[in-house]
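> Any chance you could fold what I've pasted below:
(4 chains)
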2 protein chains.
Amino acid sequence: MSGLAKPELGTASKEHLRLWLRILKVNRLIEAELRERLRVNFDTTLPRFDVMSALYRKGSGLKMSALSRMLMVSNGNVTGIVERLMQDGLVLREAVPGDRRAAQVTLTGKGITEFRRQAAAHEAWVSELLGGLDAADSALAARYLGTALTIDKTEENDAKNP
Amino acid sequence: MSGLAKPELGTASKEHLRLWLRILKVNRLIEAELRERLRVNFDTTLPRFDVMSALYRKGSGLKMSALSRMLMVSNGNVTGIVERLMQDGLVLREAVPGDRRAAQVTLTGKGITEFRRQAAAHEAWVSELLGGLDAADSALAARYLGTALTIDKTEENDAKNP
DNA sequence: ATTACTTGTTTCAAGCTTAAAGCTTTATGC
DNA sequence: GCATAAAGCTTTAAGCTTGAAACAAGTAAT
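Alright, predicted model coming up:
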């Protein structure tokens, strides 16, 4: 009695929709709060913070295309954000030796110290906002979300780490 | 041995951060996919879909401010989206009897039939994208996320439903 | 009634975001 | 070599988004 005319539009799709709406809500609420606090406390924006965070994690710097992939935003988008960060002296664009097309983006000294200040506050804020879950339940929730996705464009598991 | 100088920056904050990054990733991936499919299949955008969805759920229509609150976007934002939807004949703005400031926004007939088409596809897409979880685990994950938030600006639990 | 406050909405500037088209440089195929 | 494709990036147009400022209309208080 389970084979129906309309294939996979069953009971699960309603639960999936409910989960998706919940994800959307949590995401919007936290993003709004973080954006507000970054603006008030550090006079910066979430996209700027994201770019600096990616650059900080990989101290050797990143190419524009790598930034675009890691942050899951369009390539043209990164151009503008990096441009503004550069105007504020927070990042640097350098030529890539073997490739005259590419540009390596790195944090400046000012960028590093500034990001460290922001990151500490950011971590405390996130922890505060997700305070309804303890560490164990947080890990559990993260695992659920990790298995949820059927598509994962992070096939950039490059074996070589230069 | 648990009372330290720096108050609540303990072991949980790392787990919270990990969960937040996971939420962010899932959200971006699904949003990107939905945006792309809405564009290709229905020549529309996610914000437009969201507005129409809110209006569809409340068939009696919504004021601009109510839309803004439900979708958790700024008031000025809604103005533009509704404007464009109106140009396409999908929504209507009507005067509110007792209040000359307000505007009631409703779906037109065209808007209703168009939204139904989109919503069916949307539900199937979401279910496909979250296919890594069955219905039960989906419900569980949703519950975790529901308890996670320490702030919930949805205090609009209006007792009266007109 | 006058004043002050609140609510509902729009306008504006700045920034974010995308998709598409274009440019330059590098890699690949004959 | 030479043509072609691919990679890295920028530009552009259109739309989204916000916060702030403005304005108009309703509400409350004296």
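> So A:A95, which state does it fall into?
Here A:A95 is recorded as strand under DSSP: H, G, I helix; E, B strand; the rest coil.
> The residue lying closest to it once chain neighbours are set aside: which element?
Nearest non-adjacent residue to A:A95, counting by CB to CB, 6 or more residues apart in numbering or on different chains: A:A103, 7.0 Å away. The C-beta positions use only the backbone N, C-alpha and C, and glycine is treated the same way. Using DSSP states H and E, A:A103 sits within strand A:99-107.
> how much space between the one residue sitting closest to the centre of chain A and B:G111?
Nearest to the mean C-alpha position of chain A, by CA atoms, centre = their mean, lies A:L71 at 5.0 Å. In this view, A:L71 and B:G111 are 35 Å apart by CB to CB, to the nearest Å.
> Ok, A:A124 next?
44 Å.
> for A:G98, same thing?
Per CB to CB, A:G98 is found 55 Å from B:G111.
> Who has more neighbours out of those two?
Ranked by neighbour count (other CB atoms under 10 Å in any protein chain shown), A:G98 and B:G111 place B:G111 first, with 21 against 6.
> mind checking which helix or strand the residue nearest to A:L46 when sequence neighbours are not counted is in?
Leaving aside its sequence neighbours, A:L46 sits nearest to A:R35 (CB to CB, 6+ apart; 5.0 Å). A:R35 is part of helix A:12-42, with elements assigned from DSSP H and E.
> Quickly check: that helix near DNA strand D or not.
Yes. Helix A:12-42 is in contact with DNA strand D by CB under 7 Å from any atom of the strand, via A:A32, A:R35, A:E36, A:R39.
> Run a quick neighbour tally on the last one.
I take that to be A:R39. Using other CB under 10 Å: A:R39 sits among 12 other residues.
> Quick check, pLDDT for it.
A:R39 carries a pLDDT value of 97.
> try the third one
As summarised for this prediction, A:E36 has a pLDDT of 97.
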